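S.K.: Sequence first, then the predicted structure, then my questions.
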Amino acid sequence: MARNVLAVCWRQWRAERALDRRGVHFRSTVPAAVAAAYAAMSAAEFEAINGPQAWANWRTIPRAVRGRLPDRPCRVIDLGCGTGTSTQVLAYATPPGSLIVGYEQSAQLLAHTGRREYVHRGGHPANIRFVCQGVTEPFRGPDGGRLANGSVDLVSASGVVGHHLNTGTIRPLVGELRRVVIPGGLALLDYGPTLPAAALVSLLGAAGFLPLGHYRSWPLARSGQVAFRRPG
Ligand SMILES: C[S@@+](CC[C@H](N)C(=O)[O-])C[C@H]1O[C@@H](n2cnc3c(N)ncnc32)[C@H](O)[C@@H]1O
């Protein structure tokens, strides 16, 4: 396993260096710069720079949601889904029959989501849709309409909130979480260099969400996810 992880990190470093040379800098909290950088990547470059995140997702998301979702098909949103790597993990880890909607602002990356298989851990194909939109815009459904209040069981984010948002830009997203997550529902949000866990817990706490636990891919990881419950 250590060799695999090293290979993933090596690919990430090489791809990021090549992007840097082309003037593509995705490590930013400036919305226009983030959008331009991801739009300028090929799918192969994206998968290389996202490799460690894709690896981490299998170690955090299943643990964070286990035993915390109702035993029925759920309505799930995957914020900043890229080419569908995190959506695959959510398809695996959420109850069979769940509808998982991935939000992504890069149409170029979304075009590659169809290459993947989205399968529940029981082997059933999952019910997946994608919407091209920003994570700080009002949440829309696959039909383009605004999502109803209290209509989502789980909103998950990996590699986006703690890497591209900060305490100022996250506010519209927190408002949408308050609006769409059902009482008793979950928000699983990533923290990282641009938004530390303490700031995330404080912002979500002020919006009425209770922290349930912190999840990291390995003990020294500097980014991870916090699971929150909306009391109900
Ligand atoms: C590091 S990747 C993570 C991809 C995926 N969630 C995963 O865990 O493998 C970050 C993704 O978030 C998207 N993103 C960044 N800011 C966004 C925003 N404001 N709205 C929608 N997508 C955004 C990027 O285009 C990119 O696909």
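M.R.: Okay, I see it. Residues are numbered from 1 along each chain as shown.

S.K.: Touching, residue 53 and residue 81? I think so.
M.R.: No. Between residue 53 and residue 81 there is no contact, the gap being 11.5 Å when judged by Cβ atoms under 8 Å. In short, each C-beta sits where N, CA and C put it, glycine included.

S.K.: Contacts only, for the nearest residue to residue 73 once chain neighbours are set aside.
M.R.: Distances taken as Cβ to Cβ, 6 or more residues apart in numbering put residue 97 closest to residue 73, at 3.3 Å, once the chain neighbours are dropped. For residue 97, the contacting residues are 72-73, 124, 127, by Cβ atoms under 8 Å, 6 or more residues apart in numbering.

S.K.: Can you flag the buried ones in those?
M.R.: residue 127 (16 or more other Cβ atoms under 10 Å).

S.K.: May I ask which two of the contacts of residue 97 are separated the most?
M.R.: Across the contacts of residue 97, no pair lies farther apart than 72 and 124, at 14.5 Å, counting by Cβ to Cβ.

S.K.: Just confirm residue 149 contacts residue 181, I think it does.
M.R.: No. In this structure, residue 149 is not within contact of residue 181 by Cβ under 8 Å, at 9.7 Å.

S.K.: and residue 211, bridged to which residues?
M.R.: In this entry, residue 211 is beta-bridged to residue 228, by DSSP bridges.

S.K.: And it, how close does it get to the ligand?
M.R.: 20 Å (Cβ to the nearest ligand atom, to the nearest Å).

S.K.: any idea which residue sits dead centre in the protein?
M.R.: Centroid check for the chain by Cα atoms, centre = their mean gives residue 157 as the closest residue, at 2.6 Å.

S.K.: does the nearest residue to residue 14 once chain neighbours are set aside belong to a helix or a strand, and which?
M.R.: Spatial nearest neighbour of residue 14, chain neighbours left out: residue 48 (7.1 Å); criterion: Cβ to Cβ, 6+ apart. Assigning secondary structure by DSSP states H and E places residue 48 in helix 43-49.

S.K.: same thing with residue 100?
M.R.: Secondary structure assigned from DSSP H and E places residue 100 in strand 99-104.

S.K.: Can you show me the CA trace of stretch 116-132 as CSV?
M.R.: Extracted as CSV, the C-alpha positions of stretch 116-132 are listed here (Å, rounded to 0.1, in the frame of the first residue of the first chain):
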residue,chain,number,x,y,z
ARG,A,116,-17.3,5.7,-14.2
GLU,A,117,-19.5,3.0,-12.7
TYR,A,118,-21.5,4.1,-9.7
VAL,A,119,-22.3,1.0,-7.7
HIS,A,120,-23.7,0.4,-4.2
ARG,A,121,-21.7,-1.9,-1.9
GLY,A,122,-24.4,-4.5,-2.4
GLY,A,123,-23.6,-4.5,-6.2
HIS,A,124,-26.7,-2.5,-7.3
PRO,A,125,-26.1,0.3,-9.8
ALA,A,126,-26.7,3.6,-8.1
ASN,A,127,-29.0,6.4,-9.1
ILE,A,128,-26.7,9.3,-10.1
ARG,A,129,-27.3,12.8,-11.6
PHE,A,130,-25.0,15.7,-12.2
VAL,A,131,-25.7,19.4,-12.2
CYS,A,132,-23.3,22.1,-13.5
